[in-house]
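> structure of the sequence below:
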Amino acid sequence: MAYPVITFLYTEQYSASVNIYRIFLLTFFAQMFGRGTILRAFNETKSIFRANLTSMITGISLGYFLIKNFGLTGGATSAVIAYYVNAIMQIYKSKLVLNLKFSAWLPWKKMGRILLYSLMTTPIIFFMKYLELSKPVLIIISGIMYFSTLLFIYHKANLINIDLLKEKILCKKSHV
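Okay, here's the model as predicted:
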């Protein structure tokens, strides 16, 4: 959906930036881990500095080569790689600070199931792209279809309890 989203928000003049957008979206995976939070709480700011310094050196080094050979796509790629270097270093140090085994660090099975279910629902979006819909309608309908299907699968797989969710929403509305 990158092309319809970018060209809807910024017009067709920005269609060349679609691949750069796709590359930068990869940072979301590392952002989910909230890197640095645990290290700051344990006053491990030297580790954060080392990760930032290593990331900067990696970004500049890779950026020089990749921008020279691949232009803006290379620049985006080097920025994402540098971001991951930083994130991996901080996440690893956080794991050490908390004295956790890798298997205990995150709910890996649950995350794997979420990834699998998310991937299972992506064909909906691919088929939607072939419909003759305007960009805003395509974006809205594909989002509704994707997330409602995902919500249904999550509910059936006991990853989310819709009744509890309804109860919490109704409870908050009554307090307002």
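
> what strand or helix carries the one residue sitting closest to the centre of the chain?
For the chain, the residue whose C-alpha lies nearest the mean C-alpha position (C-alpha atoms, centre = their mean) is Phe28; its distance is 2.5 Å. Phe28 belongs to helix 27-31 when assigned by DSSP states H and E.

> for the next helix or strand after that helix, name the packing helices and strands.
Following helix 27-31 in sequence order, the next helix or strand is helix 37-41 (DSSP H and E). Helix 37-41 makes packing contacts with helix 45-70, helix 72-97 when contacts are defined by 3 or more C-beta pairs under 8 Å, 6 or more residues apart in numbering; DSSP states H and E. The C-beta positions use only the backbone N, C-alpha and C, and glycine is treated the same way.

> so, low pLDDT: which residues of the chain?
By pLDDT under 70, the low-scoring segments of the chain are 173-176.

> now do 90
Along the chain, segments meeting pLDDT under 90 span 1-4, 28-36, 100-111, 114-115, 118, 120-133, 135, 143, 151-152, 154-176.

> tell me how it divides into domains.
1-102, 107-176 (automatic domain parsing).

> deepest of those, which one?
Of all those, domain 1-102 has the most neighbours on average by mean count of other C-beta atoms under 10 Å, namely a mean of 15.

> that one spans what distance, first to last residue?
The first residue of domain 1-102 is 34 Å away from its last residue (C-alpha to C-alpha, to the nearest Å).

> what of stretch 124-133?
15 Å.

> what's it in contact with?
Under the criterion C-beta atoms under 8 Å, 6 or more residues apart in numbering, residues Met1, Pro4, Leu138, Ile141, Ser142, Met145, Tyr146, Thr149 lie in contact with stretch 124-133.

> so the third one sits against Pro4, correct?
Yes: with contact defined as C-beta atoms under 8 Å, Leu138 reaches Pro4; the gap is 5.5 Å.

> excluding chain neighbours, what is closest to Gln31?
Distances taken as C-beta to C-beta, 6 or more residues apart in numbering put Ala87 closest to Gln31, at 7.9 Å, once the chain neighbours are dropped.
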